[in-house]
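> My questions concern the predicted model and sequence given below.
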Amino acid sequence: MKKAFIQLHIAVFLAGFTGILGKLIHLNEGLLVWYRLLISAITMWILFSITGQLKRISKKDLLKITGVGFIAALHWVSFYGAIKYANVSVALVCFSAVGFFTALLEPLLLKKPFVWREVLLGVLVMIGIYIIFHFDPQYKTGIIIGVISAILGAVFPIYNRRLMQHMNAPTLMTYELTGGLLTLSVLMPFYIHQFPPAYFVPTLSDWGWLLVLSWCCSVLAFQFSANALKKISAFTVNLTYNLEPVYGILLAFVVYQENKYLHASFYAGLAIIMLAVALQTLRVYRQKAH
């Protein structure tokens with residue numbers, strides 16, 4: 001059990017580290033995600049084929065998985081776009097809005113009743129983001145892109161949960177990343193035309209960080225999270241992932257000293273967001289206890 005908890009927290013830490021790597025890699029956000037998907041998908045096909053974890057899927061499921069993979073790819077592109085146009089801390093604060101959009105979109109997409117407490121807690125998060133947005137206009141573009149990323153980040157797991165009910169995680173993850181890679185490849189010519197990159201082929205430094213991002217923050221983090229799920233409940237895993245923005249923001253403070261460039265309004269907004277996350281965590285924990 002102790003080993004499982006350690007693996008879980010390493011997975012969450014690695015997830016928080018993706019923002020730091022997004023700033024270290026100087027490719028534009030579209031190419032960054034394309035190379036990440038390429039390396040991760042190839043690695044998973046090799047790894048899970050050797051270990052016999054890949055299963056056959058139907059054509060109907062393949063189309064659904066490809067669609068979900070495309071949503072995940074767009075989520076990553078907009079997340080790294082928010083980092084490029086603002087900074088790591090602001091992008092991760094916007095990522096905290098995923099809970100709000102999940103509370104709104106899940107009932108609409110799955111035709112379930114609204115949980116108004118979750119909606120109200122989500123509104124609290126949006127107030128925190130608005131405070132940062134209102135008093136720090138320099139991050140306006142980054143925040144708008146970050147909120148779009150949060151919307152996509154909310155839609156992705158809603159559909160993902162349904163797919164996981166009838167297939168194993170390695171198969172789903174491998175096909176999703178492949179689907180995301182293929183659909184993003186179709187869009188890349190249009191994306192590059194609209195947002196011309198400084199260069200197309202990663203530098204040696206970029207390749208190094210891309211391998212870290214793909215192998216450690218995608219493949220290894222997935223393996224650690226999957227191993228933890230064998231010993232720890234899904235509830236505990238999801239709860240622990242609330243720490244991802246916290247880890248990421250603290251890393252941004254340490255690595256890039258972003259705290260020097262953030263005004264008091266950022267901390268006021270962040271405090272409100274952390275309050276909402278804490279209240280949601282407490283609410284879910286009490287529900288589970290009863």
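Cool, got the structure. Residues are numbered from 1 along each chain as shown.

> Quick check: the gap between the residue nearest to residue 13 when sequence neighbours are not counted and residue 11.
Excluding the flanking residues, the one nearest residue 13 by CB to CB, 6 or more residues apart in numbering is residue 247, at 5.3 Å. In this view, the C-beta of every residue, glycine as well, is placed from N, C-alpha and C. According to CB to CB, to the nearest Å, residue 247 stands 11 Å off from residue 11.

> just residue 192 next, same as before
From residue 192 to residue 11 the distance is 33 Å (CB to CB).

> These two: which has the busier surroundings?
More crowded of residue 192 and residue 11, by other CB atoms under 10 Å: residue 11, with 24 against 14.

> export the host helix or strand of the more buried one as PDB, just CAs?
If you go by DSSP states H and E, residue 11 is part of helix 2-24. This file holds the C-alpha atoms of helix 2-24, laid out as PDB (Å, rounded to 0.1, in the frame of the first residue of the first chain):
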ATOM      1  CA  LYS A   2       2.800   2.400   0.900                       C
ATOM      2  CA  LYS A   3       4.500   1.700  -2.500                       C
ATOM      3  CA  ALA A   4       1.200   2.400  -4.300                       C
ATOM      4  CA  PHE A   5       0.800   5.800  -2.500                       C
ATOM      5  CA  ILE A   6       4.400   6.700  -3.500                       C
ATOM      6  CA  GLN A   7       3.700   5.800  -7.100                       C
ATOM      7  CA  LEU A   8       0.500   7.800  -7.100                       C
ATOM      8  CA  HIS A   9       2.200  11.000  -5.800                       C
ATOM      9  CA  ILE A  10       5.000  10.600  -8.300                       C
ATOM     10  CA  ALA A  11       2.400  10.400 -11.100                       C
ATOM     11  CA  VAL A  12       0.700  13.500  -9.800                       C
ATOM     12  CA  PHE A  13       4.100  15.300  -9.500                       C
ATOM     13  CA  LEU A  14       5.000  14.300 -13.100                       C
ATOM     14  CA  ALA A  15       1.700  15.600 -14.300                       C
ATOM     15  CA  GLY A  16       2.400  18.900 -12.600                       C
ATOM     16  CA  PHE A  17       5.900  19.000 -14.200                       C
ATOM     17  CA  THR A  18       4.400  19.100 -17.700                       C
ATOM     18  CA  GLY A  19       3.900  22.800 -17.500                       C
ATOM     19  CA  ILE A  20       7.600  23.400 -16.700                       C
ATOM     20  CA  LEU A  21       8.600  21.300 -19.700                       C
ATOM     21  CA  GLY A  22       6.100  23.200 -21.900                       C
ATOM     22  CA  LYS A  23       8.200  26.300 -21.300                       C
ATOM     23  CA  LEU A  24      11.500  24.600 -21.700                       C
END
